[in-house]
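J.: Here's my sequence, what's the structure:
(one chain, ligands or ions: 1)
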Amino acid sequence: MAKSREIRNVAIVGTGVIGASWAALYLARGLNVVATDPAPNAEANLRRYIDAAWKDLTALGISPNGSRDLLRFTPDLKDAVAGADLVQENGPERKDFKIKLFADMDAAAPKDSIIASSSSGLTMSVMQSACKYPERCVIGHPFNPPHMVPLVEVVAGAQTSPETVERAISFYTSIGKRAIHVRKEVVGHVANRLQAALYREVVYLIEQGVLDVADSDAAVCWGPGLRWGLMGPNLLFHLAGGEGGIQHFMEHLSGPVATWWKDLGTITEFSPEVKQTIVNGVLREANGRSIAELERERDSMLLELLTTRSKAEEEAHAGSDAAAD
Ligand SMILES: NC(=O)c1ccc[n+]([C@@H]2O[C@H](COP(=O)([O-])OP(=O)(O)OC[C@H]3O[C@@H](n4cnc5c(N)ncnc54)[C@H](O)[C@@H]3O)[C@@H](O)[C@H]2O)c1
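T.: Residues are numbered from 1 along each chain as shown. All right, here's what the predicted structure looks like:
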């Protein structure tokens, strides 16, 4: 098999909320970034975003060759993608728009480059449908903001090659992302579905008068949510099984969990009343703190958590390397 293209040059197509954050991350990892967006002031807004994000990226660790000087902006899509090894697409979330955008990027990007889409809700099978080289198109769906939150979901479309999936996962991993392979196309990929499943029950419990809004948030963030930031539900239930681990959990505790499943709410829409209850409750919970203040609170704690996690992972690797010596 021919050696695949090394990824040094990245094109960012669309520099809104998600594209700007990806651009900041790629620059911090020492990649050459060419960004494009037709919006007026797009370049100034992008540079402002990157400057603001650089403080958190510095705290998380900039690569030795990472630099904001590696950014070039062009309003021209063809110019942006012409020399790209990987294109990260972050345009508006509209089906027909993305199909056309993918066809345009496909025509202008080197044919052995990867074209990854950040799309949260569209499938790659749809977006790649008008491409001449659809095998190199893949979903690389981040969590906001991608320069801080490690998860990226990699999903193939019907015409995507397995090699593209492998290359995308190994690229994202090489820059410190936590890439997962979603093996089948499902609406909303996976992480948003998990959020939606939990949120359905939160809304149901508020609607039923079981909890008020603040207590429903506390029930998540001061209990299971604290643990979910460290280990996933399967590994945590290994611990819930005591000495017998997950085997014991499955034998003795899976029954009660399945009983609770039968009682979960199955609502499929927000009633006007529950919407208003949640709006009132959240404003009480925010207690006058602005969105910007709440974001700062969240991000400073997130930074501490990410630093703690990467230190723990480094120590675990150092331990296993020493054991292998
Ligand atoms: N916002 C989120 O939390 C989030 C999270 C994960 C993924 N996503 C996905 O990321 C993508 C972008 O979402 P967003 O929230 O950043 O939207 P956004 O509206 O902030 O940004 C979209 C950008 O695309 C630009 N654009 C319009 N036409 C273009 C063109 N022809 N070429 C290049 N750029 C063009 C717009 O000017 C705008 O700056 C969507 O597919 C969305 O599903 C969003």
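J.: Which helix or strand contains Leu305?
T.: According to DSSP states H and E, Leu305 maps onto helix 291-324.
J.: Could you do Ala59 as well?
T.: When elements are assigned from DSSP H and E, Ala59 belongs to helix 42-60.
J.: Output the below-cut-off pLDDT ranges for the protein.
T.: 1-3, 323-325 (pLDDT under 70).
J.: burial of the residue in it positioned nearest to the ligand, as a residue count?
T.: Of all residues in the chain, the one sitting closest to the ligand is Gly16 (1.9 Å; Cβ to the nearest ligand atom). (C-beta placed from N, C-alpha, C; glycine too.) Using other Cβ atoms under 10 Å, Gly16 has 16 neighbouring residues.
J.: domain parsing for the chain?
T.: Domain ranges of the chain: 9-182, 191-288, per automatic domain parsing.
J.: quick one, which of the ones you listed is packed in tightest?
T.: domain 9-182 (a mean of 19; mean count of other Cβ atoms under 10 Å).
J.: re the thing from before, how about the domains of the chain in CSV, adding distance to Thr308?
T.: Listed next are the domains of the chain as CSV, based on distance: least, Cβ to Cβ, whole Å:
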stretch, distance to Thr308
domain 9-182, 12
domain 191-288, 9
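J.: The ligand contacts on the stretch 101-250 of the chain?
T.: Of all the residues in the stretch 101-250 of the chain, those in contact range of the ligand (Cβ under 6 Å from any ligand atom) are 101, 118-121, 141-142, 144.
J.: And the strands in this structure?
T.: Using DSSP state E, the strands of the chain run over 9-13, 32-36, 71-73, 86-89, 114-117, 137-142, 151-156, 178-182.
J.: Direction included, what does the last one pair against?
T.: Which is strand 178-182. Applying DSSP bridges, strand 178-182 is found paired with strand 151-156 (parallel).
J.: got a list of contacts for the strand it pairs with?
T.: By Cβ atoms under 8 Å, 6 or more residues apart in numbering, the residues outside strand 151-156 that reach it are 123-124, 138-143, 146, 162, 164-165, 168-169, 172, 177-182, 185, 189-191.
J.: what angle sits between it and strand 137-142?
T.: 160 degrees (axes from the mean of the first three to the mean of the last three Cα atoms, to 10 degrees).
J.: What would strand 151-156 look like as CSV? C-alpha coordinates only.
T.: The C-alpha trace of strand 151-156 is given here as CSV (Å, rounded to 0.1, in the frame of the first residue of the first chain):
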residue,chain,number,x,y,z
LEU,A,151,-13.4,13.7,22.6
VAL,A,152,-13.7,13.4,18.8
GLU,A,153,-16.1,11.0,17.2
VAL,A,154,-14.9,9.5,13.9
VAL,A,155,-17.6,8.0,11.7
ALA,A,156,-17.4,6.7,8.1
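J.: can you redo the strands of the chain as a markdown table with distance to Val213?
T.: Listed next are those as a markdown table, based on distance: least, Cβ to Cβ, whole Å:
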| stretch | distance to Val213 |
| --- | --- |
| strand 9-13 | 37 |
| strand 32-36 | 39 |
| strand 71-73 | 41 |
| strand 86-89 | 36 |
| strand 114-117 | 34 |
| strand 137-142 | 28 |
| strand 151-156 | 26 |
| strand 178-182 | 31 |
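J.: Indicate which one of these is closest to Ala44.
T.: Ala44 lies closest to strand 71-73 among the strands of the chain, at 9.3 Å (Cβ to Cβ).
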